[in-house]
Structures are given as structure tokens and as C-alpha cells.
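# Test case, fold it:
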Amino acid sequence: MGKLALKEHLSFNLENRSMAKQGLTGLFIYPDIPTTVFFDPNGSPDGLTQPWVALRDGFRAQGVELVGLDEWRDNPDFELHLNVQAARSKSPKFVILAEHPLIHPANGRQFLLRRYQTVFTWNPDLAIKQAQRIQLPHPLKITAGVDGYGQRPQLVVLINSNKALAWWAPHRNLYRERVRAIRWFERYAPQDFALYGYGWDRSARQPLVGGIIHALEKRGFRRPFPPFPSWQGIVPTKAEVLRRSRFSIVYENAIFRGYVTEKIFDAFCAGNVPIYWGAPDITEYIPKACFIDRRDFSSYESLYDFLKTMSEETYRGYQQRISDFLHSPQAERFSIAYFVKTIIFSILAQVSAIHK
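I've put the predicted structure just below:
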């Protein structure tokens, strides 16, 4: 849905319910990023700023100005937080939980969440009355379709930054599993694997010894050999690598129900078939026939054999099912337009009621 269509769609839904109120100001509190960068439509080549640009524009279409802390002057009519943040006023407050508690611990503290009018969350297990379900949005810009793998010389890629969880949670941690996948392919199928992303010129950011070595490397210590020989550097955009590759290892950073991030959609939109591991309820959101479920394989050896021997006809079948899904109503709930509509409608309904 384009910007004009989004504006008209929101205007119809809100004005016909007599809920839009002119002249409101919302204070948007987000990580320590300048407002000019956060709301820059070209601020991220992979479209990471687009949901926030669309949210600001959607509010503006309703006569509501969404401002950042560096633009804030007067008492706002409401606050909107990206993840749990410290309050800046006595106005009604709303929060979008973009991260799970192992990344942003405050998002898991219910006494903090109960301070909000509404908690917009992907988490189906969040048991508070203020919770309202959303899915993390994606631009859903399709850059490749059902093209087979003739022009995809790379078999498998992994595109992620070298990070680690802030808390010890071995039963949920998939950062470690990414490293296991990298090590297996580097040892047994180096010719068919490529690694991209920030920080892989240093050791894995894992607990205890790995974390210590990583910290030393940041301070100048260097090994006599590269820690990850498969590392190809940083890419301007994920899409350009994914379009040249058949499969991508798409592991979320942790296992939580409903936690489906942009990673699987990055692959889908580039016509790349993802190997997914993350949300245990993933098939409630995306048909199983659209991706390769890592949990279905007992080892990386069996997974590799499946990938290596896949016929182009079978591969095209995956691509066609991905295309069908991206053009279906089921994918709409991951769109930016749906995300924006849900948040604006809910906030303006409650703020309008308070101001009556």
C-alpha cells in the first residue's frame, strides 16, 4: 500500500468513526537515534526505517504530529514508546514491544507494562489486559520472483551481525546455533557457504571465554588467522546477496512464540528459500511449504544433503508458494500499512475518549 493509499485508508477508517482529533501531539520515545535519522525514508537500505516513517505520516494525515525527544517542546497529548522506556510526562502512554526480554529486559517486567494504556506486542503469551497483538512489519518489497536457481550460484548464505544475548538462556538462544551452522559449513562444505554481516572479523560473541576473547579483539588483539574464514564482509543490502543465493540460514536470535522478525521476509522478497528456526508456532503465520524447517533435520549433514540434491523443479515450487503467500491476505498482517493502521486506530480511539 503506497503513502497516498495509506493516508486515504486511515482517513476513511478514522474519520467515519468521528475519532480523529486535530492538533494533537504525540511524543515518540525510541533508542538514542537522532529524529532526522530515525524518520529518514532512506535511512536504511533494507527499509528498517520505513515502518516509523509510515507511522509518522499516518498520524500526520490525522492531524497528529509525532515528534522525537530532540523535537519535543510542550506537554504531549500522549507518549508512544518503542520498547519500554522512561516516561517523560503524565500523558497517556502506549508501547510497541519490538524486542523480546532477552534483548530488552524491561519488556518482560509486567509491573512496567501495566503503566501503559495499550501494549502492542507480537507475544501471544503476554498475559496482561492491555496487550494488543501486532506483528513486526516488513516493507514486503518483492525484488525477485519464481526464477529457479540458474542465476543463483551461491548455495547457502547467512547474513547476520556477530552478537549475543544479554542474558543466559540456553533453551532459547539461537545466536549460538548460528555459530554452530557457520562452523559446520566452514568445515564440511566451505565451497557452498558464505557469511556476511558486521563483526565476524572477530570471535563469536558468546558467554565466558568467547566473550572475553571478543572483547580483547575489540581492543586491538588480533589472531594470526581469521576467526571465520567464510566471512565475505558487509553488504550494502541483503537483497543483492539473497538474489544470488538459493538458500539462506534464517535463525531468529531467540525462541519465542510469535516472534517472527524481518529475516524470513528478507529471503522471501528476494526469491530466496529460507532455512528457518525461531518461533515454534511459525506455521500459524506462514505456511510450512514456504520454508525449510531446520527442526525437521537431525543434523547439518542431512540438511546439507537435502539442499545440495534439490531439483530445480522442487526449488521453483518453493518459490511459487512463497510468491503466493506474499500476495495473500495472510501476509497482510506483516505489512507496514496494517501495522500503522492498527496502532493509529487504537491510540486515537483512546486519546479521543480521554479528551471528550
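# Name the helix or strand of the chain that has the lowest mean pLDDT.
The weakest-scoring helix or strand in the chain, judged by mean pLDDT, DSSP states H and E, is helix 3-15 (a mean of 45).
# which element follows that helix toward the C-terminus?
strand 24-29 (DSSP states H and E).
# Grab the nearest non-local neighbour of D147.
By the measure of CB to CB, 6 or more residues apart in numbering, the closest residue to D147 outside its immediate chain neighbours is G271, 5.9 Å from it. Placement of C-beta: from N, CA and C, glycine included.
# what's the spacing between the one you found and Q319?
6 Å (CB to CB, to the nearest Å).
# Comparing the two, which shows the higher neighbour count?
G271 (27 against 21; other CB atoms under 10 Å).
# Correct me if wrong: that one contacts I322.
Yes: the criterion here is CB atoms under 8 Å, and G271 meets it with I322 at 7.3 Å.
# can you give me the helices in the stretch 51-200 of the chain?
110-113, 175-188 (DSSP state H, counting those that start in this stretch).
# Any stretches of the chain with poor pLDDT?
Low-confidence segments of the chain (pLDDT under 70): 1-22, 205-225, 356.
# Grab the longest helix from it for me.
Criterion DSSP state H: the longest helix present in the chain is helix 336-355.
# which of the residues in that one are buried?
Within helix 336-355, the residues scored as buried using 16 or more other CB atoms under 10 Å are 336-348, 350-352.
# Repeat that for stretch 127-138.
Quick answer for stretch 127-138 (16+ other CB under 10 Å): Q130, A131, I134, Q135, L136, P137, H138.
# mind putting the residues you listed in CSV, distance to W72 included?
Shown next, in CSV, are the buried residues of stretch 127-138 (distance: CB to CB, whole Å):
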residue, distance to W72
Q130, 24
A131, 27
I134, 25
Q135, 29
L136, 26
P137, 25
H138, 29
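# Now flag whichever of these is closest to D40.
P137 (17.0 Å; CB to CB).
# Now for that closest one: which residues touch it?
The contact partners of P137, taken as CB atoms under 8 Å, 6 or more residues apart in numbering, are P51, F334, S335, I336, Y338, F339, V340.
# That one and E262, how far apart?
In terms of CB to CB, P137 sits 8 Å off from E262.
# same deal with P170?
In terms of CB to CB, P170 sits 25 Å off from E262.
# With neighbour numbers in mind, choose between the two.
E262 (19 against 8).
# Need phi/psi at the more buried one.
phi -70, psi -20 (degrees, to the nearest 10).
# which non-adjacent residue is nearest it?
H138 is the one closest to E262 (CB to CB, 6+ apart), at 5.1 Å.
# And for W167?
Looking at W167 with CB to CB, 6+ apart, the closest residue is L102, at 5.1 Å.
# Check Q85 too.
Of all residues not flanking Q85 in the chain, I29 sits nearest, at 4.5 Å (CB to CB, 6+ apart).
# Do I have it right that that neighbour meets F78?
No: under the criterion of CB under 8 Å, I29 makes no contact with F78, lying 11.1 Å away.
# re the thing from before, so what secondary structure elements neighbour the longest helix of the chain?
For helix 336-355, the elements it packs on are helix 3-15, helix 50-61, strand 78-82, strand 93-97, strand 118-121, judged by 3 or more CB pairs under 8 Å, 6 or more residues apart in numbering; DSSP states H and E.
# hmm, back to that, neighbours of the residue nearest to W167, how many?
Counted with other CB under 10 Å, L102 comes out at 20.
# likewise L307?
19.
# For stretch 228-241, buried residues please.
Buried residues in stretch 228-241 (16+ other CB under 10 Å): F228, S230, W231, V235, T237, K238, A239, V241.
# contacting residues around T261?
Per CB under 8 Å, 6+ apart, neighbours of T261: L136, E252, G278.
# ok, it to I282 distance?
11 Å.
# number of nearby residues for N83?
The burial count for N83: 16, using other CB under 10 Å.
# what's the closest non-adjacent residue to it?
H104 (4.7 Å).
# before we move on, the earlier item: measure how the longest helix of the chain sits relative to helix 50-61, angle-wise.
40 degrees (axes from the mean of the first three to the mean of the last three CA atoms, to 10 degrees).
# so how far is helix 336-355 from its chain's centroid?
22 Å (CA atoms, centre = their mean, to the nearest Å).
# Now do that helix against strand 24-29, angle only.
Using the same axes, to 10 degrees, helix 336-355 lies at 120 degrees relative to strand 24-29.
# Going forward, count from 52.
That works, and once the first residue is 52, the last one we named lands at helix 387-406.
# Now do helix 387-406 and strand 129-133, the angle between them.
Going by the same axes, to 10 degrees, helix 387-406 makes 150 degrees with strand 129-133.
# on that earlier part again, now, which of the contacts of T312 sits nearest F90?
The nearest one, if we look at the contacts of T312 relative to F90 and count by CB to CB, is L187, at 18.3 Å.
# pretty sure the residue nearest to E313 contacts R384?
No: applying CB under 8 Å, one finds H189 not in contact with R384, separated by 10.6 Å.
# which SSE is the closest residue in space to N174 that isn't next to it in sequence in?
Nearest non-adjacent residue to N174, counting by CB to CB, 6+ apart: G309, 5.4 Å away. Of the helices and strands defined by DSSP H and E, none includes G309.
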